[in-house]
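Enquirer: take a look and give me a structure for this.
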Amino acid sequence: MTKLTITELAAESVELLPSRDTLFFNVNLAQVVASNSSLALNAVTSGSLANSQAGQWISVSQH
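Expert: All right, here's what the predicted structure looks like:
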């Protein structure tokens with residue numbers, strides 16, 4: 001840890017933060033909708049294979 005000199009400390013500046021009321025209304029919302037589905041059918045057969053292909057859909061909406 002290094003120490004600051006009086007000159008370095010005097011050169012520092014500050015900035016006030018907004019009040020809590022102002023921060024309260026700064027809302028960032030994002031709606032995320034995702035769907036991942038797949039279907040395979042292998043009925044009344046012996047020794048056969050069933051393949052399935054999945055479809056994926058994602059939507060992001062930011063307000």
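
Enquirer: which stretches of this protein form helices?
Expert: 6-11, 20-24 (DSSP state H).

Enquirer: touching the longest one from outside, list them.
Expert: Outside helix 6-11, not one residue touches it by Cβ atoms under 8 Å, 6 or more residues apart in numbering. The C-beta positions use only the backbone N, C-alpha and C, and glycine is treated the same way.

Enquirer: 10 Å instead, please
Expert: Identification of contacts with helix 6-11 by Cβ atoms under 10 Å, 6 or more residues apart in numbering yields 2-5.

Enquirer: before we move on, what about stretch 29-36?
Expert: The contact list for stretch 29-36 (Cβ under 10 Å, 6+ apart) reads 54-63.

Enquirer: returning to that earlier point: which one of the helices of the chain has the poorest average confidence?
Expert: Least confidently modelled of the helices of the chain is helix 20-24, at a mean of 61 by mean pLDDT.

Enquirer: picking up where we left off before, which among the contacts of helix 6-11 gets closest to residue 15?
Expert: For these, the closest approach to residue 15 (Cβ to Cβ) belongs to residue 4, at 18.6 Å.
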